[in-house]
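1. Return a 3D structure for these sequence lines:
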Amino acid sequence: MRIAVRRTDGSLRATVPIWVVVAAGRVYVRTWYRRDSGWFGRALGSRRARIEAGGVVADVVVDDVGGGELQVRAGVDAAYRAKYARYGAGTVDRMVADDAAATTLRLAPEQRV
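-> Below you'll find the model as predicted:
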């Protein structure tokens with residue numbers, strides 16, 4: 001999947017590829033570690049983005065759930081392990097480590113009025 005974070009004026013930044021999973025019917029993304037820069041920091045700041053995957057383009061709201069419920073983390077961890085196992089344990093282990101889990105963002109369709 002690719003994500004483009006919205007600027008404060010509503011325009012889009014350049015898209016970047018990210019790993020995405022679905023757990024309990026919801027869409028989640030993570031980065032290797034929590035930071036204020038790059039797509040992750042900008043997504044935290046704007047709380048709005050556009051995603052592109054498989055020919056589908058959607059505007060989404062971004063919700064920081066990295067410090068949330070253990071049940072959510074367990075589901076997201078399991079989804080990363082299952083989907084990305086082909087990259088090897090070392091890579092997947094980084095995406096389910098505590099630092100990466102703290103970066104968990106839930107993406108949901110933007111509700112237009």
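
2. any idea which residue sits dead centre in this structure?
-> The residue lying closest to the centre of the chain (CA atoms, centre = their mean) is Val29, at 1.9 Å.

3. What spatial separation is found between that residue and Pro109?
-> 15 Å (CB to CB, to the nearest Å). The way it works is simple: take the backbone N, C-alpha and C, and place the C-beta from them, glycine included.

4. neighbouring strands for the top strand by length along the chain, and are they parallel or not?
-> Taking DSSP state E as the criterion, the chain has its longest strand at strand 56-64. Using DSSP bridges, the strands paired with strand 56-64 are strand 48-53 (antiparallel), strand 105-109 (antiparallel).

5. and Ala85, which of the three is it?
-> Assigned state for Ala85: helix (three-state reduction, DSSP: H, G, I helix; E, B strand; the rest coil).

6. Just say helix, strand or coil for the closest residue in space to it that isn't next to it in sequence.
-> Nearest non-adjacent residue to Ala85, counting by CB to CB, 6 or more residues apart in numbering: Val92, 6.1 Å away. The local conformation at Val92, judged by three-state DSSP, is helix.
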